[in-house]
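>>> below are the sequence and a predicted model; questions follow.
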Amino acid sequence: MLSQVRRRKLALHGSSIEIALLDWGGDGPLALLHHANGFCAGVWGLVAERLRGHYRVIAMDARGHGDSSKPKGADCYHWELFGRDLLGVAEALAAEHPDGRIALGLGHSFGGIALLMALLPIGDSAPWLRFAAAGLLIGIYLFYLRRLLAKGGAVGDDLEPLILSRGWIREPEKPPTLLIFGQAALGFGLVLYGASIFVHGLEQISQIFSVSPLILSLIITPIATELPESFNSVIWIARRKDTLAIANITGAMVFQSTFPVSAGLIGTPWRLEGLGLTSAGLALAVAMLLFGIVRFRDQWRPVHLIACLAFYIAYVLYAIRSAVAY
């Protein structure tokens, strides 16, 4: 089936990678095919024979597959790089064709993700998008805060005096505004210091056990951050301060899903990889599940929340498997 297929290699511009191509010919517009993980361009043989009557059909071997270059090191196989390779091939082939474009792109499994990554403006290729996304998230949080403050209302319970006001202010229950901001700033500073210790410890553990820091972070960080928040709410409920308990959880979720993510978008490389995509996908799935329940049944039951634990367990197992492969 492949005996009449033209084989060639395409050197990508600005890269040492060479991509192997199989050209089935044809007189129509360009069709570019990308195989699944672990396969090669030849797997498209039967499909290419059918398409050849309508398209000029070309299939490619991804880096690390088939006859394409096989660079060494895990850093050479990020999702972003597969997308860039595909985009480079598409641009080169389009420049050779009279139409100047790719009319049809087909990707099987991993190949479909590579097509998506080629279309997304990610990483260093679109720094403006990272800043725009970070600004949007911060704007969403400020909008949430404005709506929350506009509703007003009392907490419904007496709050304990500030720690810094005890022992030297006549009316600890009415501390000056400057003291309130001072204690908040002190607490925030301690949080930053603790976070720094946590990050350095995480890096050391990853080196000791030869495990990816990303994997450890995605498993340990939710426990280290959300578990204390949950216990804070338990303490509030035990003191019959339900309003504060709910505010503690919802406020923490909104803040953590906006400000830290914005800092990450601005200060780190934006690379969408298998583990990160899985984490984001599961988080969105759980959020949509809980939203659907409260939207159509008006309330959550304990069994609904406990069922979400299954998603986390599945994710931990997947992360452990990735750690073994790492």
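Cool, the structure landed.

>>> quick one: the strands in the chain?
Taking DSSP state E as the test, the strands found in the chain are 6-11, 18-25, 30-34, 56-60, 102-107.

>>> and the angle for the longest one with strand 56-60?
By that I understand strand 18-25. Computed with axes from the mean of the first three to the mean of the last three CA atoms, to 10 degrees, the direction of strand 18-25 lies at 150 degrees from that of strand 56-60.

>>> now do strand 18-25: distance to the chain's middle.
Distance of strand 18-25 from its chain centroid, counting by CA atoms, centre = their mean, to the nearest Å, is 32 Å.

>>> ok, the fourth one next?
Mean-position distance between strand 56-60 and its chain equals 31 Å (CA atoms, centre = their mean).

>>> now do that strand and strand 102-107, the angle between them.
Using the same axes, to 10 degrees: strand 56-60 against strand 102-107 is 40 degrees.

>>> which residues touch strand 56-60?
19-35, 41-42, 44, 48, 51, 68, 86, 89, 93, 97 (CB atoms under 8 Å, 6 or more residues apart in numbering). Where you see a C-beta, it was placed from the backbone N, CA and C, and this is true even at glycine.

>>> which of those residues count as buried?
Among the contacts of strand 56-60, the ones that count as buried by 16 or more other CB atoms under 10 Å are 19-24, 26, 30-35, 41-42, 44, 48, 51, 68, 86, 89, 93.

>>> closest one to I140 among the strands of the chain?
Each of the strands of the chain has some distance to I140 by CB to CB; the shortest is strand 102-107, at 32.5 Å.

>>> what average pLDDT does the closest one get?
Average pLDDT, strand 102-107: 94.

>>> re earlier: and the strands of the chain as CSV, adding distance to G201?
Shown next, in CSV, are the strands of the chain (distance: least, CB to CB, whole Å):
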stretch, distance to G201
strand 6-11, 44
strand 18-25, 42
strand 30-34, 41
strand 56-60, 43
strand 102-107, 40
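
>>> out of these, nearest to G139?
Closest of the strands of the chain to G139 is strand 102-107, at 34.2 Å (criterion: CB to CB).

>>> just the buried positions in the biggest helix by length in the chain, please.
Using DSSP state H to define each element, the chain has its longest helix at helix 177-209. Buried positions in helix 177-209, judged by neighbour count with 16+ other CB under 10 Å: L202, S206.

>>> just stretch 292-312 next, same as before
Under 16+ other CB under 10 Å, the buried positions of stretch 292-312 are I293.

>>> again with stretch 256-266
Buried, per 16+ other CB under 10 Å, within stretch 256-266: T258, S262, L265.

>>> any idea how far the least confident helix or strand in the chain by mean pLDDT is from the chain center?
Using mean pLDDT, DSSP states H and E, helix 213-238 stands out as the lowest-scoring helix or strand of the chain, at a mean of 73. Relative to its chain's centre, helix 213-238 lies at 19 Å (CA atoms, centre = their mean).
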